[in-house]
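Q: coordinates for the following, if possible.
(2 chains)
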Amino acid sequence: DSGVTQTPKHLITATGQRVTLRCSPRSGDLSVYWYQQSLDQGLQFLIQYYNGEERAKGNILERFSAQQFPDLHSELNLSSLELGDSALYFCASSLPGGIPRTSGGQRGDTQYFGPGTRLTVL
Amino acid sequence: DQQVKQNSPSLSVQEGRISILNCDYTNSMFDYFLWYKKYPAEGPTFLISISSIKDKNEDGRFTVFLNKSAKHLSLHIVPSQPGDSAVYFCAASARYGGSQGNLIFGKGTKLSVKP
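A: Have a look, this model is predicted:
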């Protein structure tokens, strides 16, 4: 168990609809990242939030948006859904990069992933 | 332009033998490297990492080697077990250079360990 939680686990919806995916980071982690994985493709980075503010953007469509709340949980909003948006959506969390984790000598920017949300657009 | 490359999409190994997964990178600002393991329909699981000040890090059956001059790293799994069958992602991070905390992932190598 990575300590990152994502809900819902599965989501089935129709084209044109809007959905919200939720992520709670590991305790103490300030950064949240969203990734998309489509059909045996690699992990596509979408967006990063750090302590409530957008930090970096990847290949995120304009129909998609995200936010991080004061309690550090994050939501990814997907609107005007298309068939091609069907994918696994992963959230990950990390500490700030310069802070060492307390165990294993890992650096703070080690990301821990949630179990994912499988989105099916029909 | 792919900054982290895993040139072998798949690898098949016999149980008990060594698995070697390779990864190349182009950005000399990368100073931290990670390997993740991913089973189908599950989130990637952190496996092992290495800082650029080291050239080797071991954790049980898993060893990561870093060759900075060649911008190459590899993950060795000894001995390989059927449960190691998964997709392995290499990732890299640069503490400086405007991408603090942002991991750049390779496309993954699918490892199959046959009994």
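Q: SS state for A:His84?
A: Residue A:84: Gly, not His. Using DSSP: H, G, I helix; E, B strand; the rest coil, the secondary structure recorded for A:Gly84 is helix.
Q: okay, now it: neighbour count?
A: Neighbour count of A:Gly84, defined by other C-beta atoms under 10 Å in any protein chain shown: 10. (Each C-beta comes from the backbone N, C-alpha and C, glycine too.)
Q: let me see the contact set for it.
A: By C-beta atoms under 8 Å, 6 or more residues apart in numbering or on different chains, the contact list for A:Gly84 reads A:38, A:121.
Q: so A:Thr110 is in which element?
A: Using DSSP states H and E, A:Thr110 sits within no helix or strand.
Q: just give me the neighbour total for it.
A: For A:Thr110, the neighbour count with other C-beta under 10 Å is 24.
Q: which residues touch it?
A: Taking C-beta under 8 Å, 6+ apart, one finds A:94, A:101, B:34, B:46, B:49 in contact with A:Thr110.
Q: what pairs with A:Phe64 across the strands?
A: A:Leu78 (DSSP bridges).
Q: name the strands paired with the lowest-mean-pLDDT helix or strand in chain B and say parallel or antiparallel.
A: When the helices and strands of chain B are scored by mean pLDDT, DSSP states H and E, strand B:104-105 comes last with a mean of 90. Here strand B:104-105 is paired, per DSSP bridges, with strand B:86-93 (antiparallel).
Q: which residues does the strand it pairs with contact?
A: Applying C-beta under 8 Å, 6+ apart, the contact partners of strand B:86-93 are A:42-43, A:97, A:107, A:109, A:111, B:3-4, B:6, B:21, B:23, B:25, B:27, B:30-39, B:44, B:47, B:73, B:75, B:99, B:101-111.
Q: what of stretch B:4-21?
A: So stretch B:4-21 is contacted by B:22-26, B:35, B:74-82, B:84, B:88-92, B:104-115 (C-beta under 8 Å, 6+ apart).
Q: show me which of these are buried.
A: If you count burial by 16 or more other C-beta atoms under 10 Å in any protein chain shown, the buried members of the contacts of stretch B:4-21 come out as B:22-25, B:35, B:74-77, B:80, B:84, B:88-92, B:104-111, B:113.
Q: flag the shaky bits of the chain, pLDDT-wise.
A: Just going to use chain A. Applying pLDDT under 70 to chain A flags the ranges A:40, A:96-106.
Q: hmm, I had chain B in mind actually
A: B:96-101.
Q: ok, now with 50
A: For chain B, no stretch has pLDDT under 50.
Q: got the residues of it near chain A?
A: B:32, B:34, B:36, B:41-46, B:49, B:51, B:59, B:89, B:91, B:93, B:95, B:99-103, B:105-108 (C-beta under 8 Å from any C-beta of the partner chain).
Q: how about the helices in chain A?
A: Taking DSSP state H, chain A contains no helices at all.
Q: residues of it that sit close to chain B?
A: Within reach of chain B by C-beta under 8 Å from any C-beta, chain A has these residues: A:2, A:4, A:31, A:33, A:41-43, A:45, A:48, A:50, A:55-56, A:88, A:90, A:92, A:94, A:96-98, A:104-116, A:118.
Q: find the nearest non-adjacent residue to A:Leu83, please.
A: Nearest non-adjacent residue to A:Leu83, counting by C-beta to C-beta, 6 or more residues apart in numbering or on different chains: A:Val121, 5.4 Å away.
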